[in-house]
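Novice: what follows is a predicted structure for the sequence shown.
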Amino acid sequence: MSVRERITAAAAGRTITLVAVSKTRSAEEVAALAALGVADFGENYVQELLAKHSAIRPTPVWHLIGPLQSNKAAQVAPCIAWMHTLDRPKLIPLLAAARAGLPPLNLLIQVNVDAEDSKSGIAPTVDAVLPLAERVLAEPALCWRGLMCIPEPGAPAASFARMRLLFERLRERHPTLDTLSMGMSDDYELAIREGSTMVRIGSALFGPRPAKGA
Ligand SMILES: *Cc1c(COP(=O)(O)O)cnc(C)c1O
C-alpha cells in the first residue's frame with residue numbers, strides 16, 4: 001500500500017493533511033512530488049526552507065517544523081503558511097510583525113508530550129498551553145490552529161492519546177481549533193487512529209535520509 005492509501009485506511013473517513021518532510025531532499029525531488037499532487041511540504045531548517053521556497057514554482061504550502069531562532073523569524077514568516085514549533089512568547093510579536101498585510105500565519109504550539117530533556121515544547125497541560133495561546137489569539141496576523149508533538153521514538157499509543165485528550169480539552173474553550181500535528185514515518189497510522197489530523201512524513205515518501213555527516 002502507498003502512504004496515501006495507508007493514511008486513508010487509518011483515517012476511517014476523517015480528513016488528514018499529509019505534510020511531506022523534504023529535509024535533505026533536492027528542490028527537484030520536491031517539485032516531482034508536488035507534480036504528483038502533494039500540496040504541503042515541511043522543512044526543519046530555515047535556510048533550507050528559504051532556498052527551496054525560492055526555487056520551486058508554483059509555490060507549495062510550506063510548513064516550518066523545526067525550531068525557530070528569534071533572529072530568523074522575520075525572514076521566514078512571509079514564506080510559510082504554517083509553523084509547528086511555537087514554544088515561547090518571544091516569537092509571537094516577531095512573527096506577527098513579519099506577517100502584517102499577509103494572510104494570517106497558522107500556528108501550532110509544540111508540546112513536549114513525553115517530558116524529554118532533549119526536546120523543545122511546553123508541558124502537556126491546559127494551564128501551560130493557554131497563556132501562550134492567548135497571546136497568539138491577540139494577534140490578528142496569527143491564527144492558532146492547534147498542537148504539535150514529537151513523541152519518544154517507539155512511543156506507545158498512550159503518548160498520542162494524551163495529546164488527543166489535551167487537544168479536546170482546549171477545544172472545549174476554543175472550538176475553532178482543528179489541527180493536531182502528530183505522526184511520522186514509523187508511527188503515522190497509530191497517530192491517526194489516536195486522533196492526529198496532520199502527519200509529517202519524510203523517509204516513507206522519499207526513502208531513507210543519508211546519515212548525518214555522510
Ligand atoms: C524529520 C522529521 C519528520 C519526518 O521524519 P520521518 O521519520 O522521516 O518521517 C517529522 N517531523 C519532524 C519534526 C522532523 O524533524
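Specialist: Okay, I see it. Numbering: from 1, shown residues only.

Novice: what score does the spatially most central residue of the chain have for pLDDT?
Specialist: Central residue of the chain (Cα atoms, centre = their mean): H84, 3.7 Å from the mean position. pLDDT, H84: 98.

Novice: what backbone torsions are found at it?
Specialist: Torsion angles at H84 (phi, psi; degrees, to the nearest 10) stand at phi -100, psi -10.

Novice: if you skip the residues just before and after it, what's nearest to the residue of the chain found nearest the ligand?
Specialist: Evaluated by Cβ to the nearest ligand atom, the chain has G202 as its residue closest to the ligand, separated by 2.7 Å. C-betas here are computed from N, CA, C, even on glycine. Spatial nearest neighbour of G202, excluding adjacent residues (Cβ to Cβ, 6 or more residues apart in numbering): V21 at 3.5 Å.

Novice: repeat that for P140.
Specialist: With Cβ to Cβ, 6+ apart as the criterion, P140 has its nearest non-adjacent residue at 7.1 Å, and that residue is P104.

Novice: what does S185 give?
Specialist: The nearest residue in space to S185 (Cβ to Cβ, 6+ apart) is A204, at 3.8 Å.

Novice: show me what contacts the one you found?
Specialist: V3, S185, Y188 (Cβ atoms under 8 Å, 6 or more residues apart in numbering).

Novice: enumerate every residue touching the spatially closest residue to the last one that is not a sequence neighbour.
Specialist: When you say that, I think you mean Y188. Nearest non-adjacent residue to Y188, counting by Cβ to Cβ, 6+ apart: V199, 4.3 Å away. By Cβ under 8 Å, 6+ apart, the residues touching V199 are I7, I16, T17, L18, V19, S181, M182, G183, M184, Y188, A191, I192.

Novice: where along the protein do the strands fall?
Specialist: Ranges of strands within the chain are 17-21, 40-43, 61-64, 82-86, 105-111, 142-149, 179-181, 198-201, based on DSSP state E.

Novice: please compute how far the first one lies from its chain's middle.
Specialist: What it means is strand 17-21. Mean-position distance between strand 17-21 and its chain equals 9 Å (Cα atoms, centre = their mean, to the nearest Å).

Novice: could you dump it to PDB, C-alpha only?
Specialist: Coordinates of each C-alpha in strand 17-21 appear next as PDB, following Å, rounded to 0.1, in the frame of the first residue of the first chain:
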ATOM      1  CA  THR A  17      -3.400  16.500   5.900                       C
ATOM      2  CA  LEU A  18      -0.100  15.000   4.600                       C
ATOM      3  CA  VAL A  19       3.000  17.200   5.100                       C
ATOM      4  CA  ALA A  20       5.900  15.700   3.100                       C
ATOM      5  CA  VAL A  21       9.000  16.400   5.100                       C
END
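
Novice: partner strands of that strand, with direction?
Specialist: Within its sheet, strand 17-21 is paired with strand 40-43 (parallel), strand 198-201 (parallel), according to DSSP bridges.

Novice: need those in CSV with distance to A97, can you?
Specialist: Listed next are the strands paired with strand 17-21 as CSV, based on distance: least, Cβ to Cβ, whole Å:
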stretch, distance to A97
strand 40-43, 22
strand 198-201, 26
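
Novice: can you put those strands in a markdown table and add mean pLDDT?
Specialist: Conversion of the strands paired with strand 17-21 to a markdown table gives the following (pLDDT from 0 to 100):
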| stretch | mean pLDDT |
| --- | --- |
| strand 40-43 | 98 |
| strand 198-201 | 98 |
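
Novice: lovely, talk soon.
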